[in-house]
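A.B. asks: Sequence and computational prediction follow.
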There are 2 protein chains.
Amino acid sequence: MTHYSELDTPAVLIDLDRAEANLKRAQSAVNKAGIALRPHIKTHKLPLFAKKQMELGAVGITVQKLGEAEVMADAGLADLLLTFNIIGAAKLKRLKALHDRVTIRVVADSQECVGGLAATFTDPAKPLGVFVECDTGMGRCGVQSAETAVALAQKIIAAPGLAFAGLMTYPAAGKYQAAAQWLADAKAAFVAAGIDLPAITTGGTPDIWHMDEAARIATEYRPGTYIYMDRSQVAAGAASFEDCALTVLATVVSRPAEDRAIIDAGSKALTSDLLGLVGHGYVVEHPEAKVTGLSEEHGTLDVSACATKPKIGDVIRIIPNHCCPVTNLFDRVHLIRNGNLVETVDVGARGRVD
Amino acid sequence: MTHYSELDTPAVLIDLDRAEANLKRAQSAVNKAGIALRPHIKTHKLPLFAKKQMELGAVGITVQKLGEAEVMADAGLADLLLTFNIIGAAKLKRLKALHDRVTIRVVADSQECVGGLAATFTDPAKPLGVFVECDTGMGRCGVQSAETAVALAQKIIAAPGLAFAGLMTYPAAGKYQAAAQWLADAKAAFVAAGIDLPAITTGGTPDIWHMDEAARIATEYRPGTYIYMDRSQVAAGAASFEDCALTVLATVVSRPAEDRAIIDAGSKALTSDLLGLVGHGYVVEHPEAKVTGLSEEHGTLDVSACATKPKIGDVIRIIPNHCCPVTNLFDRVHLIRNGNLVETVDVGARGRVD
């Protein structure tokens, strides 16, 4: 058996017991709330975990990129929601090819986007399901009002090869109540317009344990990060450090000064994502250490507060601020149980940029 | 011929005329300064550009990781400097294998690091060249004093299978004068100790055009970013936007509000690196636009100041804050001349994390 500490660094470790516990806890919560779970695979990018999520009760998966959808479809995942506007001939062609072999639905937030879909999908016998994306407070994509949502739904309904699937939102973290109110108002506008709303899908790990609130209006939840959790989710109150399943294994390569340690994990291992936090991660073995800076290949630790200071050659584990982009930086991740290596797997949907 | 605007997005474009001009300008500057150029390949990660740099007069290349060294050695690059402490049995074994087939030298900043090297490399007939890394103001790796540098050099000299190669530093941006003074003081200490200093190697694109100052004491310069340049180098005064050879091609996928545009390039295309800047890149076609936020797959633009606002479906080019980690996010980059695609190449040393 290989203990994780024998692996070359930097490397990504996934604690299987923790990941599986996180998956089960979320599935129980959606079951209790009486809605559906459609996990976002952007966090793990691994067909094996997508299949595990399905086994535990997910109704399908969420992807953000056609490339991710292609990898997951190839692996046998058959019900996909792609939560990104598909624009342009090249991507519409790939979407068509996917639609020919799996159930895939998409979102739209503009007449232009719906126009491209309507021109590509023309078969009333096999319509493409399209959700209207709603900006419920995130300030990213999405229609800005219930009236615009209704108008866009009408355009989808008018297209013979499209089917109106409902409303989709990605709510701002901590704003789940405002998002639920936005969606409730939109639902009222759809009722007034005489349009059936087949589904309302929302998401986000930061507020996953407030799902009951979301479930008053939403019919489906799409969390991603919940499988691994990370330092930002701990800060949001959605997890404890003991729930975090993904760590970056690193080696202390220099102790140039009494209060400074340098590790071989920099921004190319941990990413520069701050997500509002101070510092670049949580050091499991030295919780008092601060990851004060990252170069591409170096992480700088302030170890002044550490009772026992790390030594050159020590291997340590870092819980990153944001686990999702970390899995995009590694070709492979190591699956661990009880500290021992179970399997090293290729990150199937890594680098699927388009 | 394929124009870049026909390529699927997001994608990385490399303007060959600009990259080649940047390479030639730097080679001329080092020639004039009378020192050697040893480019850092972390920026491009491409054997073809490493070879181009050698053709133009570089004495060898710099790498940061064993994996990068292995890719470059496989491609025929034969003189490598690895500017990272090599710690641990697995990495020492790989270093040994590289040393058996190419000229590779490394750095060390501790007795522990030198100890590992000395135990691995024992053949006086083919010693491993080792530089002492000096912290001249960066606050990362490196010995903290000239006295420690001398002591470490003595340990290297005492090891039969090692050869003392000189001093290496990566100076803090804008602190090239302080770094040069540090190295001059160290040189005096080596003279006093009767130890020959075969070379002094420094680097950094931000201060590349102050090379004359560095050349008063250094014998070699190791810039990386200079081949592509980026928004941080423009901010540092080392380049203009017209010098920037790398852009991220993106599509406008949403215009949810009058002042907001969303593109399909987020932190998985541009990285979250800020490097002290405000905003996440420079939009070539809309210089008045601000890239105010990045999610993994979405970039949010404030287009309120744009005379002509981008439309859904437009393709635009972003000069990122930091080009080096961007090339680590894409399996392939497109080489462009006069706006047309010349070749799409695999990023050979992408993702070489260890």
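C.D. replies: On my side now, so go ahead.
A.B. asks: Grab the nearest non-local neighbour of A:F164.
C.D. replies: The spatial neighbour of A:F164 that comes closest, neighbours along the chain excluded (C-beta to C-beta, 6 or more residues apart in numbering or on different chains), is A:I156 at 4.5 Å. Heads up, the C-betas are built off the backbone N, CA and C, glycines and all.
A.B. asks: That neighbour: how many residues sit nearby?
C.D. replies: For A:I156, the count of nearby residues is 22 (other C-beta atoms under 10 Å in any protein chain shown).
A.B. asks: so who does it touch?
C.D. replies: Taking C-beta atoms under 8 Å, 6 or more residues apart in numbering or on different chains, we find A:I156 in contact with A:A108, A:V114, A:A118, A:V130, A:V132, A:L162, A:A163, A:F164.
A.B. asks: Just the buried residues of the strand or helix carrying it, please?
C.D. replies: Per DSSP states H and E, A:I156 falls inside helix A:146-158. For helix A:146-158, the neighbour count (16 or more other C-beta atoms under 10 Å in any protein chain shown) marks A:A146, A:T148, A:A149, A:V150, A:L152, A:A153, A:K155, A:I156 as buried.
A.B. asks: For the residue lying closest to the fifth one once chain neighbours are set aside, what are phi and psi?
C.D. replies: Spelled out, it's A:L152. Nearest non-adjacent residue to A:L152, counting by C-beta to C-beta, 6+ apart: A:V132, 4.9 Å away. Note on A:V132: backbone dihedrals following degrees, to the nearest 10 are phi -90, psi 120.
A.B. asks: near chain B at all, stretch A:274-285?
C.D. replies: Yes - residues of stretch A:274-285 contacting chain B under C-beta under 8 Å from any C-beta of the partner chain: A:L274.
A.B. asks: for that stretch, how far is the first residue from the last?
C.D. replies: In stretch A:274-285, first residue to last residue: 21 Å (C-alpha to C-alpha, to the nearest Å).
A.B. asks: contacts for that stretch?
C.D. replies: With contact meaning C-beta under 8 Å, 6+ apart, stretch A:274-285 is reached by A:231-232, A:234-235, A:241, A:244, A:247-248, A:270, A:272, A:289-294, A:299, A:301, A:310, A:314, A:316-322, B:272.
A.B. asks: Packing partners of the helix or strand in which A:Q181 is found?
C.D. replies: Per DSSP H and E, A:Q181 falls inside helix A:176-193. Packed against helix A:176-193 by the contact rule (3 or more C-beta pairs under 8 Å, 6 or more residues apart in numbering or on different chains; DSSP states H and E) you find helix A:146-158, strand A:162-168, strand A:200-203, helix A:211-215.
A.B. asks: which one of those has the lowest average pLDDT?
C.D. replies: For the helices and strands packed on helix A:176-193, the weakest mean pLDDT is recorded on helix A:211-215, namely a mean of 90.
A.B. asks: Find out how far it is from the centre of the chain, if you would.
C.D. replies: Here helix A:211-215 shows a centroid-to-chain-centroid distance of 19 Å under the convention C-alpha atoms, centre = their mean, to the nearest Å.
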